[in-house]
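Q: Here is my input, please return the structure:
(one chain, ligands or ions: 3)
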Amino acid sequence: MASLSASSAKTEEETEIITRFQTYLRINTVHPTPDYIAAARFIISEAKSISLETQPIELVLGKPIVLLKWIGSDPSLPAILLNSHVDVVAFEEDKWDHPPLGAEIDEQGRIYARGTQDMKSVGMQYLEAIRKLKASGFEPVRSVYVTFVPDEEIGGTDGVAKFVESDTFKSLNIAIVLDEGLPSPTESYKVFKGERIPWWIQIKAVGQPGHGSKLYDDSAMENLTKSIDSVMRFRASQFDQLKAGLKAEGDVVSVNMVFLKAGTPSPDGFVMNLQPSEAEAGFDMRVPPVVDPVALEKRLVEEWAPVSRNMSFDLWRFNQDIEEKHLVTAKDDANPWLELLGNAVKEAGGKTSEPEIFPASTDSRYFRRAGLPAIGFSPISNTPSLLHDHNEYLSQYEYLKGIDMYVSILKVYTSYASPE
Ligand SMILES: CSCC[C@H](NC(C)=O)C(=O)O
Ligand SMILES: [Zn+2]
Ligand SMILES: [Zn+2]
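A: Numbers count the residues shown, from 1 in each chain. Ligands and ions are numbered 1, 2, ... in the order given. Down below sits the predicted model:
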């Protein structure tokens, strides 16, 4: 177990571990121009320092996937894949108390940077766990592969979506994938077996333009407002079930308006006495496995963007067909990995909660579509979730403790012999 508490001094080994994490955090992999080449260079040099085989894979120019290999004593057995994304989302620097690429540590031992939770921590923890296991002389039976992938934050089209289709991936013979989860505000780590599918919707209204004083029946603004009202009523019905405790976050549809675009610009702002002929709104919607996507799309077509009200829409579902089965990693005899993960965390002194549906989206969905079990797990407990938020941080203590969790998970996973 990590010895460091918030106030205690670090050992030399712990200082080195934290320094390596800070170095990775300081590499600018922020969208829209992530420096994937610098990150790949760093990851490869780290991997070489612990004698892992390295294989950069460039399926899309300038967007390398770095594949690391720790070959087990029985390479014929299906292997373990530890996946993390290298890219991070943008930030509003002036709203942060510490520089978002600074990886500064405050007096409470919190490391502040974009990626401390999402998910440069996890990528480096995989490597630190392997470093520790190697130093202790441990040799895995099953092979372990570690992937550092691009573009998760923008849909994964040039990242894992392409990787799972590649011959390299198919040759790896993977049994189980670990990918990102979410921080837990309690002592128990969160575990995810599935996720909601993102639907990004833009609806557009056109209508009668004219004088600001006139009452029209079908102005663009009125047409759009009717749709927004309808979406908001649906949102309230979903949110009410969540607030009443009838459903979990991962079992309701979330829908949030993320932009509104309308009006005729003027030097002072907008022309006030002119009703515009076009108006648009954007919604981020997340659809859980239990919801019928075909029925939801019908609602979009008939109620939110009806042709009868001069409406049109664009819908992005990130490589997922509307008819496609929404996959959840089962906890059953055919899939021992969820239970093994819980056991391994327990052996390392941690706790896990019942597997949930991830409320947002991760690359796990591509691995599940490729027919693999995939588990979302970020070993971050007693920490508020600050993904995509200001002042994202992770305490050194939690980071070090998380490495011990992966040490235990890798011991259990790589030694698991399936009953024949
Ligand atoms: C549409 S893919 C974007 C992926 C991103 N993932 C996370 C974890 O924030 C999201 O859910 O918005
Ligand atoms: Zn992430
Ligand atoms: Zn993210």
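
Q: hey, where'd the strands end up in the stretch 1-150 of the chain?
A: For the stretch 1-150 of the chain, applying DSSP state E, counting those that start in this stretch gives strands covering 53-57, 65-70, 79-85, 104-105, 110-112, 144-149.

Q: what sits up against the second one?
A: For strand 65-70, the surrounding residues in contact (Cβ atoms under 8 Å, 6 or more residues apart in numbering) are 40, 43-44, 47, 52-59, 86, 127, 130, 140, 143-150, 159, 163, 168. In short, each C-beta sits where N, CA and C put it, glycine included.

Q: what about R309, distance to L315?
A: In this view, R309 and L315 are 17 Å apart by Cβ to Cβ, to the nearest Å.

Q: Contact partners for the residue found closest to S166 once you drop the neighbours it is linked to in the chain?
A: Distances taken as Cβ to Cβ, 6 or more residues apart in numbering place L59 nearest to S166, at 6.2 Å, with adjacent residues excluded. Contacts here follow Cβ under 8 Å, 6+ apart; on that basis L59 touches 65, 158, 162-163, 166.

Q: Give me every residue in this protein lying close to ligand 1.
A: With Cβ under 6 Å from any ligand atom as the criterion, the chain meets ligand 1 at residues 152-153, 155, 198, 318, 360-362, 387-388.

Q: now for those, which pair is the farthest apart?
A: Farthest-apart pair in the residues of the chain next to ligand 1 is F318 and L387; separation 17.9 Å (Cβ to Cβ).

Q: Closest residue of this protein to ligand 1?
A: Using Cβ to the nearest ligand atom, the single residue of the chain nearest to ligand 1 is A360, 3.2 Å away.

Q: longest helix of this protein?
A: Using DSSP state H, we find that the single longest helix of the chain is helix 220-243.

Q: Now do that one: everything it contacts.
A: 203, 205-209, 216, 247-249, 252-257, 262, 275-281, 283, 299, 303-305, 309-311.

Q: Are any of those buried, and if so which?
A: 203, 205-207, 252-255, 262, 275-281, 283, 303-305, 309-311 (16 or more other Cβ atoms under 10 Å).

Q: Looking at the residues you listed, which are in helices?
A: Using DSSP H, none of the buried ones among the contacts of helix 220-243 sit in helices.

Q: Which residue ranges of the stretch 301-420 of the chain form helices?
A: Ranges of helices in the stretch 301-420 of the chain, per DSSP state H, counting those that start in this stretch, are 337-347, 364-369, 396-415.

Q: Tell me which of these is the most buried.
A: Using mean count of other Cβ atoms under 10 Å, the stretch among the helices of the stretch 301-420 of the chain with the greatest mean number of neighbours is helix 364-369 (a mean of 24).

Q: and that helix, what does it pack onto?
A: helix 160-163, strand 174-179, strand 192-195, strand 374-376 (3 or more Cβ pairs under 8 Å, 6 or more residues apart in numbering; DSSP states H and E).

Q: That helix close to ligand 2?
A: No. For helix 364-369, no contact with ligand 2 is found by Cβ under 5 Å from the ion; the gap never falls below 10.3 Å.

Q: can you list contacts of that helix?
A: The contact list for helix 364-369, computed with Cβ under 8 Å, 6+ apart, reads 81, 83, 156, 160-161, 163-164, 174, 177, 179-180, 192, 194-195, 197, 319-320, 324, 327-329, 358, 374-376.

Q: same question, stretch 21-29
A: With Cβ under 8 Å, 6+ apart as the test, stretch 21-29 has contacts from 34-36, 38-39, 42-43, 86-88, 101-103, 111, 113-116, 120-121, 123-124, 399.

Q: Also stretch 255-273?
A: Stretch 255-273 has contacts (Cβ under 8 Å, 6+ apart) with 211-213, 220-221, 224, 228, 231-232, 234-235, 238, 274, 276, 278-286.

Q: what does stretch 118-128 give?
A: Residues outside stretch 118-128 that contact it (Cβ under 8 Å, 6+ apart): 17, 20-21, 24-25, 29, 43, 46-47, 50, 68, 82, 84-86, 88-89, 113, 115, 146, 148, 180, 378-380, 387-388, 392, 394, 399, 402-403, 406.

Q: Residue ranges of each domain in the chain, please.
A: Here the domain parsing of the chain from automatic domain parsing is 12-195+326-415, 199-287+291-319.

Q: and the first one, average pLDDT?
A: The pLDDT scores in domain 12-195+326-415 average 97.

Q: Kindly report the same for the last one.
A: When pLDDT is averaged along domain 199-287+291-319, the result is 96.

Q: roughly how far apart are the closest residue to ligand 2 within the stretch 301-420 of the chain and L68?
A: At 6.1 Å from ligand 2, T362 is the closest residue in the stretch 301-420 of the chain, using Cβ to the ion. Using Cβ to Cβ, T362 is found at 20 Å from L68.
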